[in-house]
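Q: Sharing a sequence plus its predicted fold:
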Amino acid sequence: MEYEQAVLALSGAGRWIAEHHMTWGSAGNISVRLDERRVVITGSGTRFDSLTADSFSLYDLETDTWTGRKPSKELPVHLAIYRRSPWAGAVLHASPFHTTLAASSSLEVRNDLFVENMYYLQRVARIPYAHPGSAELTAAVENTAAAANVILMENHGVILYDTSLAECTACLEVLENTCRMCLEAARAGITLQPVSPDTVRDFLLNSGYKPPRPWRD
């Protein structure tokens with residue numbers, strides 16, 4: 001993927017996120033990795049609903065420099081994920097309502113409920129609250145990134161990553177609907193009926209739906 005293609009893809013993803021109420025204000029940032037050296041990320045203070053060609057930063061990992069707009073202050077978090085999960089091609093941080101509710105409460109986010117839920121939410125982790133852009137947040141994400149593909153940042157939102165930007169937006173939608181399902185079930189007194197761990201494992205390995213992510217373990 002070239003820079004111009006990345007900008008178009010990121011702008012489209014940002015509009016989709018905004019139109020589907022998956023964030024608010026200037027909360028959130030997204031990036032794609034062009035190659036081993038370059039990352040394109042939304043700029044500081046940008047909004048998903050109004051991204052333009054001037055809204056992005058092209059960051060060079062080798063020289064620790066960027067061109068274009070000043071990158072989001074969450075850039076170190078994105079870089080930490082790319083370091084620990086080299087299979088990741090895109091990173092997305094957003095604050096959907098039900099997902100942020102889960103991140104700000106004890107609501108359990110299950111990953112054993114239905115097909116897309118089992119695939120996209122393969123490994124969900126939680127990390128304690130740390131200020132956006134802080135070294136503490138970067139360290140917490142880096143310590144967790146190799147063991148998960150969805151990280152709930154308590155009292156903040158979610159950061160997730162996948163092989164492509166399209167997979168990231170699909171994961172975000174499945175996550176938000178899962179959190180909403182879990183909340184609605186709890187509110188209505190409905191007991192969710194998950195499938196067994198063996199069934200989840202068999203689905204991921206043998207269903208032919210999509211290949212599982214290349215976990216290091």
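A: On my side now, so go ahead. Numbers count the residues shown, from 1 in each chain.
Q: burial of H131, as a residue count?
A: Using other CB atoms under 10 Å, H131 has 10 neighbouring residues. In short, each C-beta sits where N, CA and C put it, glycine included.
Q: three-state assignment of it?
A: Three-state assignment for H131 (DSSP: H, G, I helix; E, B strand; the rest coil): coil.
Q: next one: phi and psi at it?
A: phi -60, psi 140 (degrees, to the nearest 10).
Q: looking only at pLDDT, what's the mean for whichever strand or helix holds N143?
A: Here N143 sits within helix 135-144, counting by DSSP states H and E. Mean pLDDT, computed over helix 135-144, is 97.
Q: how far does the helix ranked longest in the chain sit from the chain's center?
A: When the chain is parsed with DSSP state H, its longest helix is helix 165-188. Distance of helix 165-188 from its chain centroid, counting by CA atoms, centre = their mean, to the nearest Å, is 12 Å.
Q: Work out for me the element the spatially most central residue of the chain sits within.
A: Geometric centre of the chain, nearest residue: L160, 1.9 Å, by CA atoms, centre = their mean. L160 belongs to strand 157-162 when elements are defined using DSSP H and E.
Q: For the chain, which segments count as strands?
A: Assigned by DSSP state E, the strands in the chain fall at 29-33, 38-42, 56-60, 65-68, 90-94, 124-127, 150-153, 157-162.
Q: Which strands and helices lie in contact with the fourth one?
A: Packing contacts for strand 65-68, counted by 3 or more CB pairs under 8 Å, 6 or more residues apart in numbering; DSSP states H and E, involve strand 56-60.
Q: now with 10 Å?
A: For strand 65-68, the packing partners by 3 or more CB pairs under 10 Å, 6 or more residues apart in numbering; DSSP states H and E come out as helix 3-19, strand 38-42, strand 56-60.
Q: Ok, the third one next?
A: Packed against strand 56-60, as judged by 3+ CB pairs under 10 Å, 6+ apart, are the following elements: helix 3-19, strand 29-33, strand 38-42, strand 65-68, helix 75-84.
Q: quick one: buried residues of the last one?
A: Going back to what we said before, that points to helix 75-84. Within helix 75-84, the residues scored as buried using 16 or more other CB atoms under 10 Å are 75-82, 84.
Q: Average pLDDT for it, rounded please.
A: Averaged across helix 75-84, pLDDT comes to 96.
Q: pull the CA atoms of it into PDB?
A: These are the backbone C-alpha positions of helix 75-84, laid out as PDB (Å, rounded to 0.1, in the frame of the first residue of the first chain):
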ATOM      1  CA  LEU A  75       1.700   7.200  18.300                       C
ATOM      2  CA  PRO A  76       4.000   5.500  20.800                       C
ATOM      3  CA  VAL A  77       1.100   3.100  21.700                       C
ATOM      4  CA  HIS A  78       0.600   2.200  18.000                       C
ATOM      5  CA  LEU A  79       4.400   1.700  17.600                       C
ATOM      6  CA  ALA A  80       4.400  -0.600  20.600                       C
ATOM      7  CA  ILE A  81       1.700  -2.800  19.100                       C
ATOM      8  CA  TYR A  82       3.600  -3.000  15.800                       C
ATOM      9  CA  ARG A  83       6.700  -4.000  17.600                       C
ATOM     10  CA  ARG A  84       5.100  -6.700  19.700                       C
END
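Q: Mind listing the residues bridging to the residue nearest to the residue nearest to the centre of the chain when sequence neighbours are not counted?
A: Among residues not flanking L160 along the chain, V150 sits closest, at 4.6 Å (CB to CB, 6 or more residues apart in numbering). Assessed by DSSP bridges, V150 has beta-bridge partners V124, L160.
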